[in-house]
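Novice: Below: sequence and its predicted model.
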Amino acid sequence: RATPRDPECVGACGGAHDCIHLLNIYGGGVEDELKQKGARYLERAMALGPNLGEAHVSKGVALENTGNPEAAIAEYRRGLALSPGYASGWQWLGEITAFTYGDYNQVLPLLAKARELDPLSPVINGTYLFHLAQSGRVEEALTGMDASIDENPRVARSYDDRAFVHQMRGDLVASLRDSK
């Protein structure tokens, strides 16, 4: 809604790009026309705010989607140097670092930073706990996941993550219970 009202609003342009990206991931995909619109929003955000960290993080997202993780990581880092308080940027940098390198000594501090900046985000918390399990700290992750679900049982993603971790442990019954 903000971009038609104020096409000069760099935050709205970057945010619109990121929304389309998230719809593509969590919403089952978007049409090419909408992806192209997202690319135009990103171009506009970069033109309006070349020194805005959030715009560089959005560019990192776009580079990640094109299969260029090294360039994406560099762009995430540039964006976070400009906007170190951007929690989602730290989360996304942590995720791509995990998927690219699998080095949880690098990944967990990035995700912990995101959690520190936005401790109430169930997505960031779930991402941290999921990668904590991936790092081999399965029991610690499960304890955190149990606490998160107790605190906010309406976050479906929490059950999906915990089901996967139960499966990692070989507890298929618990995994199936969480998969309902």
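Specialist: In hand now; what should we look at? Every value quoted in this text rests on a predicted model; they were computed, and no experiment measured them.
Novice: State the distance from the most centrally placed residue in the chain to residue 46.
Specialist: The centre of the chain sits closest to residue 92, judged by Cα atoms, centre = their mean, with a distance of 4.1 Å. Distance, residue 92 to residue 46, by Cβ to Cβ, to the nearest Å: 17 Å. Yep, even glycine has a C-beta here, placed from its N, CA and C like the rest.
Novice: Quick check: residue 71 touching residue 62?
Specialist: No. In this structure, residue 71 is not within contact of residue 62 by Cβ atoms under 8 Å, at 9.8 Å.
Novice: Who has more neighbours out of the two?
Specialist: residue 62 (21 against 15; other Cβ atoms under 10 Å).
Novice: is it true that the more buried one touches residue 17?
Specialist: Yes. The pair residue 62 / residue 17 is scored as a contact, 7.3 Å apart, by Cβ under 8 Å.
Novice: Return the residues in contact with residue 36.
Specialist: Residues near residue 36 by Cβ atoms under 8 Å, 6 or more residues apart in numbering: none.
Novice: try it again with 10 Å
Specialist: Residue 36 makes contact with residue 20, according to Cβ atoms under 10 Å, 6 or more residues apart in numbering.
Novice: Start the count at 747 instead of 1 going forward.
Specialist: OK, 747 is where the count begins now, so the last one is residue 782.
Novice: Rounded mean pLDDT for the host helix or strand of it, please.
Specialist: Element membership of residue 782 [criterion: DSSP states H and E] is helix 778-794. Averaged over helix 778-794, pLDDT sits at 77.
Novice: hang on, residue 809 packs against residue 824?
Specialist: No. Between residue 809 and residue 824 there is no contact under Cβ atoms under 10 Å: 11.2 Å.
Novice: separation between residue 815 and residue 846?
Specialist: Distance from residue 815 to residue 846, by Cβ to Cβ: 4 Å.
Novice: One more: residue 787?
Specialist: For residue 787, the distance to residue 846 - Cβ to Cβ - is 25 Å.
Novice: Show me how far stretch 877-896 is from its chain's centre.
Specialist: Computed by Cα atoms, centre = their mean, to the nearest Å, the chain-centroid distance of stretch 877-896 equals 18 Å.
Novice: buried stuff in it?
Specialist: 877-881, 883, 887-888, 890-891, 894-895 (16 or more other Cβ atoms under 10 Å).
Novice: average pLDDT across it?
Specialist: 97.
Novice: one step back: who has more neighbours, residue 787 and residue 846?
Specialist: residue 787 (22 against 15).
Novice: I'm done for today, thanks for sticking with me.
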